[in-house]
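Undergrad: coordinates for the following, if possible.
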Amino acid sequence: MQTKRREKTIVVVDGMGGGIGVQLVTKLREAAGEDVEIIALGTNAVAVERMVKAGAHRGAAGENAIRHSVVLGDLIVGPIGIIIGNSMMGEITCPMAESILAAPGERILLPLQNEHLTLAGLEGLPLAKMIERAVELAMEHLEKR
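TA: Have a look, this model is predicted:
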């Protein structure tokens, strides 16, 4: 039995416990339905497992999986730390960050502030509002393609 080939793909990248990725996958699945494939890429198996349970079609964990699979996305969505080497308590390696930045897909990043990163000029929105806006941007981008 063949699976339906979807025209558009969103890659969600997260690490640590995958909590942000889970929220992104859930909201993206609600907004996009089954027409869009969602691939969960995580720095560890726990993050990927949680994102797949939240509705990602498939997932993979680790540096090589991220470096190899991030190119599959028309969109790459996640916290800003995914493009900063050694962020997320060291879970994002420099090669991971470089691969995400070099991938052809459009990146939609949540501007999460933390103790070693301050983004000047951004209003401090609650995480739920950031996720809502990221999903809106993703749907707008996919409609243009």
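
Undergrad: show the end-to-end separation of stretch 104-120, please.
TA: 27 Å (Cα to Cα, to the nearest Å).

Undergrad: can you list the residues that contact it?
TA: 11, 20, 70-71, 73-84, 87, 100-101, 122, 124, 127, 130-131, 134, 137-138, 141 (Cβ atoms under 8 Å, 6 or more residues apart in numbering). Bear in mind the C-beta positions are built from the backbone N, C-alpha and C, glycine included.

Undergrad: looking at the chain, which helix is longest?
TA: The residue-count maximum for a helix in the chain (DSSP state H) belongs to helix 127-144.

Undergrad: same for that helix, what does it pack against?
TA: Counting by 3 or more Cβ pairs under 8 Å, 6 or more residues apart in numbering; DSSP states H and E, the packing neighbours recorded for helix 127-144 are strand 8-14, helix 19-32, strand 75-79, strand 106-110.

Undergrad: for those, could you give me TSV that also reports distance to residue 61 and mean pLDDT?
TA: Listed next are these as TSV, based on distance: least, Cβ to Cβ, whole Å; pLDDT from 0 to 100:
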stretch	distance to residue 61	mean pLDDT
strand 8-14	10	97
helix 19-32	11	96
strand 75-79	14	97
strand 106-110	20	96
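
Undergrad: got TSV for these, with distance to residue 45 too?
TA: Converted to TSV, the helices and strands packed on helix 127-144 look like this (distance: least, Cβ to Cβ, whole Å):
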stretch	distance to residue 45
strand 8-14	12
helix 19-32	13
strand 75-79	17
strand 106-110	22
